[in-house]
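K.L.:
Predicted structure and sequence below. I'll ask about it afterward.
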Amino acid sequence: QAPLVESGGGLVQAGGSLRLSCAYSELIDTSYFILWYRQAPGKRREFVGGIGTNGGGAYYSDSVRGRFTVSSDKTKNTIYLQLNNLQPADTAVYYCNGRLAGRGDYWGQGTQVTVPS
């Protein structure tokens with residue numbers, strides 16, 4: 001299994017919701033937070049939110065605070081990103097990022113979220 005695998009993206013109308021998942025393997029150092037980023041077409045990758053794998057310490061970028069929620073299920077080795085009230089500006093590939101034990105950052109392959117205008 002890859003260290004981080006995202007899923008749950010799709011096409012949703014404005015105002016709708018999605019829940020993204022980031023499954024992490026034993027290769028990920030769980031003493032570090034797992035982070036969510038997104039990258040829209042033609043734009044730089046930007047931070048969205050992050051959380052400890054024990055579910056503590058969730059924090060968010062100003063652009064999504066109040067609409068997106070990060071959570072953790074340690075029994076499933078999975079981090080979630082709940083996206084509510086989606087808008088066309090939220091269209092992007094969403095990535096999770098974690099730290100490989102003793103080896104540095106790792107990026108998942110990403111999952112596409114599309115909100116048509």
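P.N.:
That came in fine, so what should we check first?
K.L.:
Please report how far the spatially most central residue of the chain lies from residue 56.
P.N.:
Central residue of the chain (CA atoms, centre = their mean): residue 36, 3.4 Å from the mean position. As judged by CB to CB, to the nearest Å, residue 36 and residue 56 stand 16 Å apart. From N, CA and C alone the C-beta is placed, and that goes for glycine too.
K.L.:
swap in residue 79?
P.N.:
12 Å.
K.L.:
Who has more neighbours out of these two?
P.N.:
residue 79 (30 against 9; other CB atoms under 10 Å).
K.L.:
my read: the more buried one touches residue 69, true?
P.N.:
No. The pair residue 79 and residue 69 fails to qualify as a contact (CB atoms under 8 Å) at a distance of 11.3 Å.
K.L.:
on that earlier part again, identify the spatial nearest neighbour of the residue nearest to the centre of the chain, chain neighbours not counted.
P.N.:
residue 48 (4.3 Å; CB to CB, 6 or more residues apart in numbering).
K.L.:
and the gap between that neighbour and residue 82?
P.N.:
For residue 48 relative to residue 82 (CB to CB), the value is 11 Å.
K.L.:
which neighbours do the two share?
P.N.:
residue 68 (CB atoms under 8 Å, 6 or more residues apart in numbering).
K.L.:
Report the secondary structure state of the residue nearest to the centre of the chain.
P.N.:
Recorded secondary structure, residue 36: strand (DSSP: H, G, I helix; E, B strand; the rest coil).
K.L.:
Would you agree it is in contact with residue 92?
P.N.:
No. Residue 36 is beyond contact range of residue 92, at 10.7 Å (criterion: CB under 8 Å).
K.L.:
Name the residues contacting each of the two.
P.N.:
Common neighbours of residue 36 and residue 92 (CB under 8 Å, 6+ apart) do not exist.
K.L.:
Report the rounded mean pLDDT for stretch 81-101.
P.N.:
Across stretch 81-101, the average pLDDT comes to 97.
K.L.:
That stretch spans what distance, first to last residue?
P.N.:
23 Å (CA to CA, to the nearest Å).
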